[in-house]
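In: output the structure for:
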Amino acid sequence: MYDAFYPGKTWLDTEGKRIQAHGGSVMYIDGTYYWYGENKEKTTGKDEIWHWGVRCYTSKDLYNWEDRGLIIPPEPEDPGSSLHPSSMMDRPHIIYNKRTGKYVCWLKIMNRDGSQTETVMTADNILGPYTKVREGLRPLDMSAGDFDLAVAPDGKAYYYFERVHSETICADLTPDYTDVTGYYSTHFPHTAPPYVREATAHFYRKGKHYLVTSGTTGYLPNPSEIAVADTWHGPYRVLGNPHPDDDSRTSWHSQISSVFKVEGKKDLYIAVADRWVSGHMDWKYENYKKTFEQMFDPDYHGEINTEDYELDSSVDTSVADYVWLPFRFSGEMGYLDWKEEWRIEDFE
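Out: Model prediction:
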């Protein structure tokens, strides 16, 4: 039994197995927390298995998690399915539609031709079973990368995503949450990685909308960025790096996938992050930033050094760990200080 968080340490479920909920999010439903994400238990980098479905865990205290199984299983018998284990499915996000009574899950799919599409599924229960309602969706006819979904108090929903290697988009969802309406806004334009923002995580605090984003360096960690706005569509003001004390500029060697507020706490927001590659704690962002600048510079024709870094799918993410840290706010700005160990009970 756990009675605290230990960021970066191996986290086991109540059966003593590694928790597999990567690129994950946490929902609170009727007194229970649900943590779901990519099941990477078979993704060792030795074959073409990218995922083994979406797994979910439940908890009452946020420390100890019971495995509730695969809420979206893989489809190994159908090579053409977006849920085939070799399909590069990432970052499931689930929201609840009060009007339809459905849980709606969006999945990012990285296709072999370089494009990125979405698979959308619905269920009557968060634990499934889920049914596909859309596959191969190109929202706004764009190649859509990492994303987050958010629901307003009035029931309207929003979709924040990376327009691949370009900018961040905020798009209104249709009333059933399974598509976009066509209305959208654009944010954080950049010419190319590593500066393009991905892994967008939205949260709302004290009348402000926050977006936490990552740079684009594959499995290699980079500096996060936090921005704030008065409305869902912004405009967003970039406040800076929420990890200012991290000299390696790697967001404590992790990538944030979502942020949630702890029920019953006055002002406790937790950043949920993955430490995709745990064995290279000596890495510093400045050491490989130039590599990505060269890779995406059409005018650069020299040799690009990729030997020192794991830049492809050969990374063994079955042993990836998690970094959960509480936000510390000073005015509008939120900071994520490193803590070897911390407890919810220490917050009001």
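In: show me what contacts the residue nearest in space to the middle of the chain?
Out: Nearest to the geometric centre of the chain sits residue 257, at 2.6 Å (Cα atoms, centre = their mean). The contact partners of residue 257, by Cβ atoms under 8 Å, 6 or more residues apart in numbering, come to 22-25, 37, 91, 199, 201, 272-274. From N, CA and C alone the C-beta is placed, and that goes for glycine too.
In: and residue 6, by the same measure?
Out: When contacts are counted by Cβ under 8 Å, 6+ apart, residue 6 is found next to 340-341.
In: residue 339 versus that one, what's the distance?
Out: Taking Cβ to Cβ, to the nearest Å as the measure, residue 6 and residue 339 are separated by 9 Å.
In: circling back to that earlier point, so among the contacts of residue 257, which ones count as buried?
Out: By the neighbour-count criterion of 16 or more other Cβ atoms under 10 Å, the contacts of residue 257 include these buried positions: 22-25, 37, 91, 199, 201, 272-274.
In: and those residues, which two are the farthest apart?
Out: Using Cβ to Cβ, the buried ones among the contacts of residue 257 reach their maximum pairwise distance at 22 and 201, which is 14.2 Å.
In: now do the strands in the stretch 201-348 of the chain.
Out: 208-214, 225-229, 237-240, 255-261, 269-275, 321-326, 328-330, 333-335 (DSSP state E, counting those that start in this stretch).
In: how big is the angle separating the second one from strand 208-214?
Out: Relative orientation of strand 225-229 versus strand 208-214 (axes from the mean of the first three to the mean of the last three Cα atoms, to 10 degrees): 160 degrees.
In: quick one: strand 225-229 to strand 269-275, angle?
Out: Inter-element angle recorded for strand 225-229 and strand 269-275: 150 degrees (by the same axes, to 10 degrees).
In: can I get the CA coordinates of the helix or strand of the chain with the lowest mean pLDDT in CSV?
Out: Among the secondary structure pieces of the chain, namely its helices and strands, helix 285-295 has the lowest mean (mean pLDDT, DSSP states H and E), a mean of 93. Only the C-alpha atoms of helix 285-295 are listed here, as CSV (Å, rounded to 0.1, in the frame of the first residue of the first chain):
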residue,chain,number,x,y,z
TYR,A,285,17.9,19.5,-23.7
GLU,A,286,20.6,21.7,-25.0
ASN,A,287,22.6,18.6,-26.0
TYR,A,288,20.1,17.5,-28.6
LYS,A,289,18.1,20.6,-29.4
LYS,A,290,20.4,21.3,-32.4
THR,A,291,19.8,17.8,-33.7
PHE,A,292,16.1,18.5,-34.1
GLU,A,293,16.7,22.0,-35.5
GLN,A,294,18.8,20.4,-38.3
MET,A,295,16.4,17.6,-38.9
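In: which residues does that helix contact?
Out: 192-194, 216-217, 220-223, 248-250, 300, 302, 304-306, 308-309, 311.
In: now the contacts of residue 257 in a markdown table, with distance to residue 179 and pLDDT?
Out: Conversion of the contacts of residue 257 to a markdown table gives the following (distance: Cβ to Cβ, whole Å; pLDDT from 0 to 100):
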| residue | distance to residue 179 | pLDDT |
| --- | --- | --- |
| 22 | 26 | 98 |
| 23 | 22 | 98 |
| 24 | 24 | 95 |
| 25 | 20 | 98 |
| 37 | 23 | 98 |
| 91 | 18 | 96 |
| 199 | 23 | 97 |
| 201 | 22 | 98 |
| 272 | 26 | 98 |
| 273 | 29 | 98 |
| 274 | 28 | 98 |
